[in-house]
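>>> model this:
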Amino acid sequence: MLWVDKHRPTQLDKLDFHPELTQQLKRMTSEEAVGNMSHLLFYGPSGAGKKTRVMALLREIYGPGVEKMKVEVRNFKFKSNNVELTFIGSNYHIELNPSDVGPYRDREVAQEVIKEIAQSHAPSTAAGGLFKVIVLNEVDKMSRDAQAALRRTMEKYTSSCRFVLVCNNACKVIEPVRSRCIAIRVPAPAKGDVKKVLQAVCNKERTPLPEGLAERVAVAANRNMRRALLMVEACKVKQSNLSEDQEVEVADWERFVGIIANNVLEEQTPQRLLQVRAQVYELLSACIPPEMVMQRLTMELLKKLDDSLKPEVLLCAAFYEHRLNLGSKPIFHIEAFVAKVMAAYKKWSIEFMEMMDD
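Down below sits the predicted model:
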């Protein structure tokens, strides 16, 4: 089992950072408040601990039985198409990701599947038998139509169900859904918190973690706790005794994005654009999220570009990332971004050479 799963806190009292947020969740699960608990919206950056806090919250309400989860795969028929959905749940809650079925079918999931779950699953005897919890992941990736359908379902089944929505960006959740939830922001942990958790996990694994290595991992992880733990475990796999000057392991796809950035700036031709398109498509085929590819590629390009070009590249990145979120073919928008950067860099290179000649 990976360290990130093995040492995941399961109780609110055992959470390592954001104590003020922990106290807020404890007040919500008190005997006086739990009966009036509203729908919840947890939002914050990846690796901040949103899902960990959701599961700790459910355990505080229902007890250890919420950890006895099972995976269920069910087929649903919409018109002429069959859709396969994976559920993870216990006797007290059900967890699913509506955006897994794609941007065109998530509305049907919100209308039919979630409605069926809300109708067919009776409230548990725990917590006074008041409600059952439905946890929806990546709500910000659902289409607007699906979110509108979700709003109607939330209103209709408030008496028997509570919805816990989890997302990275609350701005991508429509206002009618946000207004029906208590929004709980889970900020990224500070660098000191990351180092403290890394030291605690390594102590449990009886693996001394040098201070210098912990510092470099915390910086490289960019305040992402999950990523930091995976990095330390990768270092441990590579070298059983961690050393002060050990190299921090970086994901292969991130190195590959660095190669793509070099290819973009080495040559600006249609042939090179086709080569870069194939490399980007290889990343997407390996299930790397297109948003992460776009962000990482932008950061790698900014490291290598002249300061006068950076504002234009950032503007292009923002424009095409927005188009990426609205569209359904990520490769088109990432390729358009690369082509725009190539054109801007080619123009800058020609102007720079002319200026040098003068």
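>>> strands of the stretch 51-200 of the chain, start to end?
In the stretch 51-200 of the chain, the segments counted as strands under DSSP state E, counting those that start in this stretch are 70-78, 81-89, 93-96, 132-137, 161-167, 181-185.
>>> could you list the low-pLDDT ranges of the stretch 101-250 of the chain?
Low-confidence segments of the stretch 101-250 of the chain (pLDDT under 70): 102-104, 121-130.
>>> now do the helices in it.
Using DSSP state H, counting those that start in this stretch, the helices of the stretch 101-250 of the chain run over 106-108, 114-120, 144-156, 175-178, 191-204, 211-220, 225-238.
>>> return the most buried member of those.
helix 106-108 (a mean of 22; mean count of other C-beta atoms under 10 Å). Every residue, glycine included, has its C-beta placed from N, CA and C.
>>> chain center to that one, what's the gap?
Distance of helix 106-108 from the chain centroid (C-alpha atoms, centre = their mean, to the nearest Å) equals 21 Å.
>>> distance of residue 17 relative to residue 223?
Separation of residue 17 from residue 223 (C-beta to C-beta, to the nearest Å): 11 Å.
>>> okay, and the common contacts of the two?
By C-beta atoms under 8 Å, 6 or more residues apart in numbering, residue 17 and residue 223 have these common neighbours: 189-190.
>>> quick one on the thing from earlier: residue 342 is nearest to which of the helices of the stretch 101-250 of the chain?
Nearest to residue 342 among these is helix 211-220; the distance by C-beta to C-beta comes to 28.8 Å.
>>> who are the packing partners of that closest one?
Contact here means 3 or more C-beta pairs under 8 Å, 6 or more residues apart in numbering; DSSP states H and E; on that basis helix 211-220 packs against helix 191-204, helix 225-238.
>>> between that helix and helix 225-238, how many degrees?
On the basis of axes from the mean of the first three to the mean of the last three C-alpha atoms, to 10 degrees, helix 211-220 is oriented at 140 degrees to helix 225-238.
>>> now helix 211-220, how far from the centre of its chain.
With C-alpha atoms, centre = their mean, you get 22 Å for helix 211-220.
>>> and if you look at stretch 312-320?
22 Å.
>>> list the buried residues of it.
Applying a neighbour-count criterion of 16 or more other C-beta atoms under 10 Å, one finds 312-313, 316-317, 320 buried in stretch 312-320.
>>> and stretch 299-316, end to end?
13 Å (C-alpha to C-alpha, to the nearest Å).
>>> please tell me how far the closest residue to residue 69 other than its chain neighbours sits from residue 274.
Among residues not flanking residue 69 along the chain, residue 90 sits closest, at 5.0 Å (C-beta to C-beta, 6 or more residues apart in numbering). Using C-beta to C-beta, residue 90 is found at 49 Å from residue 274.
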